[in-house]
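Participant: Give me coordinates for this.
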Amino acid sequence: MAVQKIERSQEITERRNFWFRPFCLAVLVLLLLNTIVVGVIIVLLVRQVISIPPNLISALTGGPAQTTITATTVLDKIQSLSSLVTTRYNYSSLVTSNRDMPGILNGLYGDKLIMVAVGQVDAGIDLHKVTATGNGDSMTITLPPPELQSCSLDEKNSYVVSRETGLFAKPAPNLDQEARRFAIAQFRADALNSDIYSQVQTSAQTAVGQFVNGLGVKKFNIVTTPPDPNAPLPDSCK
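Facilitator: Got it, this is the predicted structure:
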């Protein structure tokens, strides 16, 4: 009789263990799932209120750092390229300079100089005056107006072809300088008539566009500014 009681007690214990252990395991799983769901909800709510810096996340996780592109960053990069985007036009011309005299006196007191003048005109855009608005996804970059930078003669290749002085005349000391000044003025006018400013703007748009694209800006627009007709000329172009 005692043996039967012991066996029945063990059977009841085994039955209890049979359903109690899975029940406890199920409760633990439910608690774990509930904790995970609550944690995810809390994280989502916190992210809505607080913006976590991407670089902080990358520092914690060991992932690559995210670079934020701003207008200020792009401007600093552009301005570090060079002070100018320059276009040069080269010219050569035959220039005649002479002392004004009536025809009858020209053979006696006249002075005439013929020069081959070779030179160049430089125009450019000052990259330090570039402005930009927007961010890395969409940006507008405005170029300043193009300007003449310099006008000069190539002294190695410019030379006097001939000099004719009247019988009783002394060579005018300023005739050579007048020929050079006239050549510079002619080169400057030819460059402006050939629309050197448009060439400068096209070159600047291409150079700046390629550079900004290389910085990773997804979408950008480069706006040009027309030349200022009242802008002062550099001393070399006057």
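
Participant: next one: phi and psi at residue 233?
Facilitator: Main-chain torsions, residue 233, degrees, to the nearest 10: phi -80, psi 150.

Participant: Kindly report the same for the one 4 residues further on.
Facilitator: Taking degrees, to the nearest 10, you get phi -100, psi 0 for the backbone angles of residue 237.

Participant: how is the protein carved up into domains?
Facilitator: 2-61, 71-237 (automatic domain parsing).

Participant: looking at these, which has the lowest confidence?
Facilitator: Of all these, the minimum mean pLDDT falls on domain 2-61 (a mean of 56).

Participant: ranking the domains of the chain by burial, who's on top?
Facilitator: domain 71-237 (a mean of 16; mean count of other C-beta atoms under 10 Å). Every residue, glycine included, has its C-beta placed from N, CA and C.

Participant: Do a quick rundown of the helices in the protein.
Facilitator: 2-49, 54-61, 71-79, 103-109, 175-193, 196-215 (DSSP state H).

Participant: Any idea what residue 142 is bridged to?
Facilitator: residue 131, residue 223 (DSSP bridges).

Participant: Going forward, count from 43.
Facilitator: With the count now opening at 43, the last piece we talked about shows up as residue 184.

Participant: List the residues that contact it.
Facilitator: 172, 173, 174, 264, 265, 267 (C-beta atoms under 8 Å, 6 or more residues apart in numbering).

Participant: got it, and residue 230?
Facilitator: Applying C-beta under 8 Å, 6+ apart, the residues contacting residue 230 are 163, 190, 193, 275, 279.

Participant: Need the max-distance pair from the residues you listed.
Facilitator: Spatially, the most separated pair among those is 163 and 275, at 11.1 Å (C-beta to C-beta).

Participant: Give me the common contacts of these two.
Facilitator: Contacts common to residue 163 and residue 275, judged by C-beta under 8 Å, 6+ apart, are 190, 230.

Participant: that older thread, looking at the contacts of residue 230, which is nearest residue 156?
Facilitator: residue 193 (21.1 Å).

Participant: Quick check: the gap between the closest one and residue 238.
Facilitator: 11 Å (C-beta to C-beta, to the nearest Å).

Participant: hey, what's in contact with both of those two?
Facilitator: Joint contacts of residue 193 and residue 238 (C-beta under 8 Å, 6+ apart) are residue 163.

Participant: May I ask which two of the contacts of residue 184 are separated the most?
Facilitator: Top of the distance list for these (C-beta to C-beta): 174 and 267, 13.5 Å.

Participant: Nearest residue to residue 254 in space, ignoring adjacent ones along the chain?
Facilitator: Spatial nearest neighbour of residue 254, chain neighbours left out: residue 262 (5.4 Å); criterion: C-beta to C-beta, 6 or more residues apart in numbering.

Participant: Settle this for me: the one you found is touching residue 253, isn't it.
Facilitator: No - the pair residue 262 / residue 253 is not scored as a contact, 10.6 Å apart, by C-beta atoms under 8 Å.

Participant: Common neighbours of these two, please.
Facilitator: Counting by C-beta under 8 Å, 6+ apart, nothing touches both residue 262 and residue 253.
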